[in-house]
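>>> Here's a sequence, model it:
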Amino acid sequence: MNDALGDLHNMVPHFIQVIHRVVNGSWVNHRKVWDTHSFILVYDGEAVIGCNEERRVGKGDLIYFKPGDLRWGYTFEDNPMKCYGVDFQYSCLLFDDKDWIKKDIPLPIQSFLRLNDAHLFSRVLHLFQNLTKEWISPTTFNKVTRERACFMEILNLLFLWNSSKQSLNYDKIRKVEKISQYILDNYSSKVKLQELANYIQLSQSYLQVIFKEITGSSPIEYLINVRINKSKELMKEGFANIGEISELVGFNDAFYFSRCFKKMEGVTPSEYRNVVSSQRQFV
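Numbering: from 1, shown residues only. Here you go, the predicted structure:
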C-alpha cells in the first residue's frame with residue numbers, strides 16, 4: 001500500500017502497557033523524558049498534552065511519543081479526557097543473504113495527528129478497543145497474534161494518513177480494499193476496468209484516482225502485478241510451459257505476458273523459470 005514504509009513491514013512489536021484511561025476530575029502528568037514509544041488516542045473530553053511542545057487536544061487527536069521525548073499533561077475537571085494508550089517497543093528484522101539484521105527504523109508519524117475523518121477515527125478507535133481487550137485477556141495460543149494484528153492495522157492506517165498529508169478518508173480506503181480483494185479473487189478471469197467500476201459503483205475515472213492515491217498504482221497495474229506474482233509461484237512449483245502459465249494467471253496473450261513479466265522482473269519468464277527450477281525446494 002505504501003512503498004515508503006519499506007523495512008517497517010518487518011516490524012515485531014512488543015507491548016509494555018495497554019490502557020483505557022477515563023480521567024475523573026483533574027489529572028496531571030509531570031514533565032518526564034519518556035523511554036518508550038507511546039500512543040494516546042483521545043476519544044472524549046480534552047486535555048493539554050506536551051510532547052516537546054504543548055497542544056490542547058480533544059476527540060480525534062492521536063499523540064505519538066518516541067524515546068527521548070519530553071512528556072507532560074493535565075486535564076480539566078469540567079471536561080476530563082477519556083483515551084486509550086499503548087506503550088511499546090519494536091524491532092525490524094531483515095534477512096540479508098544469510099543473516100538476520102536488526103535495524104533501528106523510525107516511525108514516520110508526527111507527534112500530533114488529527115484524525116478528522118469520521119470513518120478513519122471510528123476504525124482506529126475500534127482497533128484500540130480490541131487491543132485493550134486482548135491485552136487483559138488470559139494468555140492463549142493466539143493472544144499475541146491478535147494483539148499484533150490490531151496494532152499493525154493501527155500503524156498502517158496512521159502511516160497512510162500521515163503520508164497523505166491527512167487528505168485521505170477511510171471510505172476511500174475501504175473501497176480500494178474491496179477492489180483489491182475482488183482482483184485477488186478473480187485475477188485468472190478476464191477482469192476489465194469497467195467491471196471493477198461496476199462492482200464498486202464508481203466511475204472508471206474516479207476509481208482510478210482513489211486507487212492510485214491509496215496504492216500508488218492503477219487497478220490494472222495492480223491486477224498485472226498479482227498475475228505476475230502468481231506466475232512466479234507456478235514456476236517455483238514446477239510448471240514449465242510459459243503459454244500454460246500465461247493462461248492460468250489470466251493473460252490471453254503469452255507475448256504480452258512475457259513483456260509484462262520482463263518489465264516487472266527484469267528477466268523473461270523463461271529466464272526466471274530456469275533459475276528457480278534449479279533452486280526449487282519442497283515447501
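>>> which residue is nearest the middle of the protein?
Closest to where the C-alpha atoms of the chain average out (CA atoms, centre = their mean) is Asn156, at 2.7 Å.
>>> tell me the mean pLDDT for the helix or strand containing that one?
Assigned by DSSP states H and E, Asn156 belongs to helix 143-163. Here helix 143-163 scores 90 as its mean pLDDT.
>>> mind listing what's buried in the helix or strand containing His14?
Assigned by DSSP H and E, His14 belongs to strand 11-22. Residues of strand 11-22 classed as buried by neighbour count (16 or more other CB atoms under 10 Å): 11, 13, 15, 18, 20. Any C-beta I mention is one placed from the backbone N, CA and C, and that applies to glycine too.
>>> from the residues you listed, which is closest to Asn169?
Among the buried residues of strand 11-22, Met11 lies closest to Asn169 (CB to CB), at 25.5 Å.
>>> Just confirm that closest one contacts Cys92, I think it does.
Yes. Assessed by CB atoms under 8 Å, Met11 is found in contact with Cys92 at 5.4 Å.
>>> between these two, what contacts are shared?
Residues touching both Met11 and Cys92 (CB atoms under 8 Å, 6 or more residues apart in numbering) are Ile105.
>>> what about the stretch 51-200 of the chain, any weak spots by pLDDT?
Residues of the stretch 51-200 of the chain meeting the criterion pLDDT under 70: 165-168.
>>> For it, which segments count as helices?
Using DSSP state H, counting those that start in this stretch, the helices found in the stretch 51-200 of the chain span residues 118-136, 143-163, 170-186, 193-200.
>>> Tell me which residues are up against whichever strand or helix holds Gly243.
Applying DSSP H and E as the criterion places Gly243 in helix 242-248. Applying CB under 8 Å, 6+ apart, the set of residues contacting helix 242-248 from outside is 188, 230-231, 234-235, 239, 252-254, 257-258, 269-270, 273.
>>> now stretch 28-47: how far from the chain's centre is it?
Offset of stretch 28-47 from its chain centre (CA atoms, centre = their mean, to the nearest Å): 24 Å.
>>> Now do the closest residue to Tyr64 other than its chain neighbours: how many residues are near it, please.
Excluding the flanking residues, the one nearest Tyr64 by CB to CB, 6 or more residues apart in numbering is Ile109, at 4.9 Å. Using other CB atoms under 10 Å, Ile109 has 18 neighbouring residues.
>>> Also the one 10 residues further on?
For His119, the neighbour count with other CB under 10 Å is 14.
>>> For burial, what's the neighbour tally of the nearest residue to it once chain neighbours are set aside?
Distances taken as CB to CB, 6+ apart put Tyr170 closest to His119, at 3.5 Å, once the chain neighbours are dropped. By other CB under 10 Å, the residues close to Tyr170 number 19.
>>> Go ahead and confirm Tyr170 touches Asp117.
Yes. Look at Tyr170 against Asp117 with CB under 8 Å: they come within range, at 5.6 Å.
>>> all strands of the stretch 1-150 of the chain, in order?
Listed in chain order, the strands of the stretch 1-150 of the chain (DSSP state E, counting those that start in this stretch) span 11-22, 28-33, 37-44, 46-51, 53-58, 61-65, 70-75, 82-96, 99-103, 112-114.
>>> Break this structure down into its structural domains.
The chain is divided into the following domains under automatic domain parsing: 3-163, 169-283.
>>> Distance from the chain centre to the shortest one, please.
Distance, stretch centre to chain centre, for domain 169-283: 20 Å (CA atoms, centre = their mean).
>>> again with the first one
Domain 3-163 has its average C-alpha position 14 Å from the chain's average C-alpha position, going by CA atoms, centre = their mean.
>>> And for Tyr272, the neighbour number?
Using other CB under 10 Å, Tyr272 has 20 other residues around it.
>>> list the contacts for it?
Listed by CB under 8 Å, 6+ apart, the contact partners of Tyr272 are 232, 235, 261, 265.
>>> pLDDT at it, what is it?
Tyr272 is assigned 91 on the pLDDT scale.
>>> Regarding it, what is its secondary structure?
Each residue gets one of three states, and Tyr272 gets helix by DSSP: H, G, I helix; E, B strand; the rest coil.
>>> ok, Ile49 touching Ile40?
Yes. Between Ile49 and Ile40 a contact is recorded at 7.1 Å, counting by CB under 8 Å.
>>> Overlap of the contact sets of these two?
Residues touching both Ile49 and Ile40 by CB under 8 Å, 6+ apart: Ile63.
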